[in-house]
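Enquirer: Quick check, what structure comes out for this input:
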Amino acid sequence: FPLAGFLPPFQEQKVMTTWPAMTKYLLKHPNFGGQLMNNELWLPSLLDPIIRGATTQTERAEKIYGYLRDNITCTGHSQLFTDESVSKIADKKKGGVAGINLLLTAMLRSAGLQADPVVLSTRENGIVNDEYPVFRPFNYVICRVYTDGKELLLDASRSRLGFGKLHYDCYNGPARVVNDAATLLTLKSDQLTER
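Expert: Sure thing, here's the model as predicted:
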């Protein structure tokens, strides 16, 4: 059962509130949303050579995605929070799925694209119950980006994955875009529907 909150004698605190409150918590967390901020000092020097020559949003996204997919080694495919900063992941060229795809999101945003992280639960981890707005059942992070008017889901943690494709393990029912609206995505075998 998910914990709903604490009552006296403890300081009263709600744990389970709403999906927007949950995504707001994730956006403020230093090992999640905090990794998408304050990257202006180091990210442009990494990004500029990667996107040089790209003329469209889709080309910029493809170049960033291809660079990360081909140059960063994934050390674990079950992770909601990153263990280290995205700058260290870029420097060491290895990290967990959350760190890699948060780095992807940060790079896409720095390149002028609208991108947000998406949290989901893999098939092996089980289906998330949409009734309970808690982050603990989620164990995987991907990225949603809009390029040239199209919505794409990206996962740069798997070396053989094509642009705009997800591993079959990600198609496991509900996923949440980590934005102010906490947009619900339902991932079903190559079909993406939004509610």
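
Enquirer: ok, the residue nearest to Y146 when sequence neighbours are not counted - how many residues close by?
Expert: In space, and not counting its chain neighbours, Y146 is closest to Q114: 4.6 Å by C-beta to C-beta, 6 or more residues apart in numbering. Backbone N, C-alpha and C define where each C-beta goes, glycine included. Q114 is flanked by 13 other residues according to other C-beta atoms under 10 Å.

Enquirer: gap between Q114 and K150?
Expert: As judged by C-beta to C-beta, to the nearest Å, Q114 and K150 stand 11 Å apart.

Enquirer: State the pLDDT value of the residue nearest to Y146.
Expert: Here, the pLDDT recorded for Q114 equals 97.

Enquirer: beta partners of the residue nearest the centre of the chain?
Expert: The chain has P117 as the residue nearest its centroid, 2.9 Å off, counting by C-alpha atoms, centre = their mean. Counting by DSSP bridges, P117 is bridged to C143.

Enquirer: when you give positions from now on, start the count at 11
Expert: Sure thing, new numbering starts at 11, so read that last one as P127.

Enquirer: got a pLDDT number for it?
Expert: 98.

Enquirer: list the contacts for it?
Expert: 36, 42-43, 46, 111-112, 115, 151-154, 187-188 (C-beta atoms under 8 Å, 6 or more residues apart in numbering).

Enquirer: out of the residues you listed, which are buried?
Expert: Buried subset of the contacts of P127 (neighbour count, 16 or more other C-beta atoms under 10 Å): 36, 42-43, 46, 111-112, 115, 151-154, 187-188.

Enquirer: Redo those as CSV? Include pLDDT.
Expert: Converted to CSV, these look like this (pLDDT from 0 to 100):
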residue, pLDDT
L36, 94
F42, 97
G43, 96
L46, 96
N111, 98
L112, 98
T115, 98
V151, 98
I152, 97
C153, 97
R154, 97
V187, 97
V188, 96
